[in-house]
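In: turn this into a structure:
(2 chains)
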Amino acid sequence: MEQKTKINAEDGKQDLVITREFDLPLELLFKAYIEPEILEQWMGTKVLKLESKKHGSYEIQTSDPKGNVAFSANGVIHEFIPNRKITRTFEMENTPYGVQLEVYEFVQLTDDTSKLNMHVIYESVAQRDQVLKLPFAQGINWAHNRLQEIVNKLK
Amino acid sequence: MNLRRDVFQAIADPTRRAILLLVASQSLTAGAIASNFHTARPTVSKHLQILTECELLKQKQSGREIYYHINAKQMKEIADFIEPFRKMWDERFNKLETIMKKYKSKK
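Out: As a prediction, the model looks like this:
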């Protein structure tokens, strides 16, 4: 079975590309990225701020059940072309992972299908690899069996 | 078997995942780790104890200080880690697709 989400991360490079085809019209795919209430649902995080425009910024935050902040991230939007492209930075606060540059390209395939190309550039090869090696730390809303799988690999 | 379940519980907690993220690239003392959280210090100590017991973290004595670092001894090479990373995005995107399909039919 062909995988819907693909990741291309070459050895020794400081970037990676995530691609995904959606069974959704382009406008709906784009909407999922700019409407805070919708973004919150699929990212599993709280959106404190989301200014979807050039020179806009955003802030997201996830808390544990007791209300302690477990994860927060922010960034600024450098380029915003509706239904086509978003260029933004992304930074996880209080972590050594630096600032990553993210280029999102939204492409219409048919009237009912679309594609996302997400190009992520890290500050260094080491930073990219660290982020990749710790997916469980990022997986704020991961299903437990996924966590289990990674732990089994670690052991 | 019991140990595995403990590890599973260890990383199911968002604060503990945040701790792992924090010490991933540098060793830190308990105090330095606690300063990154609003949680009370004893709570952070408890989290560190659980992570250490599960061998996700290791302790290293340096002078009077104890530093915590991630136990990467058996971590495999990067290729093995792309798959969980990919699955994480795949699940997010599946969710996005489901939500937007409902959104469409509501209109």
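In: so who does the closest residue to chain B within chain A touch?
Out: With Cβ to the nearest Cβ as the measure, A:Ala70 is the residue of chain A nearest to chain B, at 3.5 Å. For the C-beta atoms, the positions are set from N, CA and C on the backbone; glycine is no exception. Going by Cβ atoms under 8 Å, 6 or more residues apart in numbering or on different chains, A:Ala70 touches A:Thr62, A:Ser63, A:Asp64, A:Ile140, B:Pro14, B:Thr15, B:Arg17, B:Ala18.
In: kindly reformat the residues you listed as JSON lines containing neighbour count.
Out: Shown next, in JSON lines, are those (neighbours: other Cβ atoms under 10 Å in any protein chain shown):
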{"residue": "A:Thr62", "neighbour count": "18"}
{"residue": "A:Ser63", "neighbour count": "15"}
{"residue": "A:Asp64", "neighbour count": "16"}
{"residue": "A:Ile140", "neighbour count": "17"}
{"residue": "B:Pro14", "neighbour count": "20"}
{"residue": "B:Thr15", "neighbour count": "20"}
{"residue": "B:Arg17", "neighbour count": "25"}
{"residue": "B:Ala18", "neighbour count": "26"}
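In: can you tell me which one of those residues sits lowest on pLDDT?
Out: Taking those together, the minimum pLDDT is found at A:Ile140 (35).
In: longest strand in chain A, by residue count?
Out: Secondary structure of chain A per DSSP state E: the longest strand is strand A:69-81.
In: next, the buried residues of it.
Out: Buried residues in strand A:69-81, counted by 16 or more other Cβ atoms under 10 Å in any protein chain shown: A:Val69, A:Ala70, A:Phe71, A:Ser72, A:Ala73, A:Asn74, A:Gly75, A:Val76, A:Ile77, A:Phe80.
In: export the contacts of A:Ala70 to JSON lines and append columns for distance to A:Leu132.
Out: Below are the contacts of A:Ala70 laid out as JSON lines (distance: Cβ to Cβ, whole Å):
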{"residue": "A:Thr62", "distance to A:Leu132": "20"}
{"residue": "A:Ser63", "distance to A:Leu132": "25"}
{"residue": "A:Asp64", "distance to A:Leu132": "24"}
{"residue": "A:Ile140", "distance to A:Leu132": "16"}
{"residue": "B:Pro14", "distance to A:Leu132": "20"}
{"residue": "B:Thr15", "distance to A:Leu132": "22"}
{"residue": "B:Arg17", "distance to A:Leu132": "16"}
{"residue": "B:Ala18", "distance to A:Leu132": "18"}
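In: how about the helices in chain A?
Out: A:26-34, A:36-43, A:125-133, A:135-138, A:144-154 (DSSP state H).
In: returning to what we had before: what angle sits between the longest strand of chain A and helix A:26-34?
Out: Counting by axes from the mean of the first three to the mean of the last three Cα atoms, to 10 degrees, strand A:69-81 lies at 140 degrees to helix A:26-34.
In: any idea how far strand A:69-81 is from the chain center?
Out: 10 Å (Cα atoms, centre = their mean, to the nearest Å).
In: next: stretch A:48-64.
Out: So, by Cα atoms, centre = their mean, the centroid of stretch A:48-64 is 13 Å from its chain's centroid.
In: where in chain B is pLDDT low?
Out: B:1-9, B:12, B:72-81, B:106-107 (pLDDT under 70).
In: and it, split by domain according to the record?
Out: Chain B breaks down by automatic domain parsing into domains covering B:2-70, B:76-107.
In: closest to the centroid, which residue in chain B?
Out: Chain B has B:Arg17 as the residue nearest its centroid, 2.4 Å off, counting by Cα atoms, centre = their mean.
In: is that one in contact with B:Ala10, as I believe?
Out: No. Contact between B:Arg17 and B:Ala10 fails when scored by Cβ atoms under 8 Å: they sit 9.0 Å apart.
In: which residues touch the spatially closest residue to A:Thr19 that is not a sequence neighbour?
Out: Nearest non-adjacent residue to A:Thr19, counting by Cβ to Cβ, 6 or more residues apart in numbering or on different chains: A:Lys6, 4.9 Å away. A:Lys6 makes contact with A:Ile18, A:Thr19, A:Arg20, B:Arg86, according to Cβ under 8 Å, 6+ apart.
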